[in-house]
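A.B. asks: got a predicted structure plus its sequence, pasted below:
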Amino acid sequence: MDALLPSPVGARATSLGAMVRRRMGAKVLDDLVVPVVAGVHSTHPDDLDPDRVAPGLRAALQREGSLARAVLALRKRAVAGSAVQGLRGGIARLVDELVADLDTYRVDVRLHTRVTRVERAAVEATSADGRSERLAADHVFATVADPARVAAPRRSGIELVTLVVDRHELDAAPRGTGMLVHPAAVGVAAKALTHATVKWPWLAERAAGRHVLRLSYALPPAGAVQATGAADATAPDEVATSLPVDPAGRVSARATTDASALLGLEVRPEHVVGAARVLWHGPDAEAAGLAEGGRRHR
């Protein structure tokens with residue numbers, strides 16, 4: 001169906017789900033796209049703007065004449081494996097390198113400061129003690145949503161639970177580097193499992209024979225009733241803070257139960273020598289405003 005439709009069909013869809021459904025049908029969306037998108041973004045494709053999660057897809061659709069060819073064209077342009085590449089020692093090393101560069105170039109860094117307004121050549125900021133300040137600049141690069149905009153009500157959260165497991169049977173990597181889970185799967189709460197010590201050899205060296213498993217869970221929007229144990233999917237004091245977890249506690253028990261089901265190999269709490277969890281914001285559900293050819297400026 002996709003190859004026979006004119007390229008404008010679905011090109012202005014306001015969600016990734018609507019685009020796929022229009023061009024390829026509900027079955028392709030539900031059986032193929034939903035598991036991948038839910039596993040990666042912990043959000044249904046109907047709640048994701050393609051301009052945010054797949055930049056360039058609309059233009060590629062118009063250019064290639066089909067959604068399948070558009071996706072293939074974008075994939076060919078990407079460096080092989082770039083979506084999962086990292087740094088030896090962990091991507092967190094970027095922070096130390098950035099701090100060093102900021103110090104080298106004498107960049108003025110304001111900590112504990114909230115930007116309350118973003119303009120083309122200035123920002124307004126409020127410090128922790130309540131003082132407001134307007135900072136002029138030749139250029140403003142905003143890597144966060146406009147602070148004046150109310151957060152999208154369907155913005156969900158992502159919980160990552162990491163287990164360090166001492167079980168030599170995992171040496172065989174029963175699921176390779178990991179797997180995605182269909183949202184309709186019964187008996188498993190996790191949306192994805194990554195066998196991190198298989199995916200990244202440097203981590204396997206550091207783990208010294210132990211295995212690192214990471215399970216991903218979708219959290220409802222802030223204020224919604226949650227069954228995962230997280231207080232709030234978007235609470236500022238919860239997000240981006242990695243906290244240790246009791247290997248014998250409820251969070252770890254849920255993760256080991258899911259890991260056992262997904263790996264086909266029992267992982268019990270006594271196999272867990274360490275555990276931690278971290279919460280992240282889910283993707284922004286508000287449309288980027290590019291479906292009609294417009295462009296937002298910061």
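C.D. replies: Cool, the structure landed. Residues are numbered from 1 along each chain as shown.
A.B. asks: so where do the helices sit in the stretch 101-250 of the chain?
C.D. replies: 196-199, 201-207, 250-263 (DSSP state H, counting those that start in this stretch).
A.B. asks: what's the average pLDDT for the first one?
C.D. replies: If I follow you right, that is helix 196-199. The average pLDDT for helix 196-199 rounds to 94.
A.B. asks: which residues are in contact with it?
C.D. replies: 84, 162, 173, 176-178, 203-204, 207, 210-214 (Cβ atoms under 8 Å, 6 or more residues apart in numbering). For glycine as for every other residue, the C-beta is placed from the backbone atoms N, C-alpha and C.
A.B. asks: just the buried residues of those.
C.D. replies: 162, 178, 203, 204, 207, 210, 211, 212, 213, 214 (16 or more other Cβ atoms under 10 Å).
A.B. asks: which ones among these lie within strands?
C.D. replies: Of the buried ones among the contacts of helix 196-199, the ones assigned to strands by DSSP state E are 162, 178, 211, 212, 213, 214.
A.B. asks: between the residues you listed, which is nearest residue 4?
C.D. replies: residue 178 (35.6 Å; Cβ to Cβ).
A.B. asks: mind checking pLDDT for residue 174?
C.D. replies: For residue 174, the predicted pLDDT is 95.
A.B. asks: residue contacts, it?
C.D. replies: Contacts of residue 174 by Cβ under 8 Å, 6+ apart are 263, 264, 265.
A.B. asks: check this protein and tell me which residue is nearest its centre.
C.D. replies: Nearest to the geometric centre of the chain sits residue 41, at 4.7 Å (Cα atoms, centre = their mean).
A.B. asks: for that one, which non-adjacent residue is closest in space?
C.D. replies: residue 283 (5.1 Å; Cβ to Cβ, 6 or more residues apart in numbering).
A.B. asks: name the SS class of that neighbour, please.
C.D. replies: Classification of residue 283 by DSSP: H, G, I helix; E, B strand; the rest coil places it in coil.
A.B. asks: correct me if wrong: it contacts residue 50.
C.D. replies: No. At 11.3 Å, residue 283 does not count as touching residue 50 under the criterion of Cβ atoms under 8 Å.
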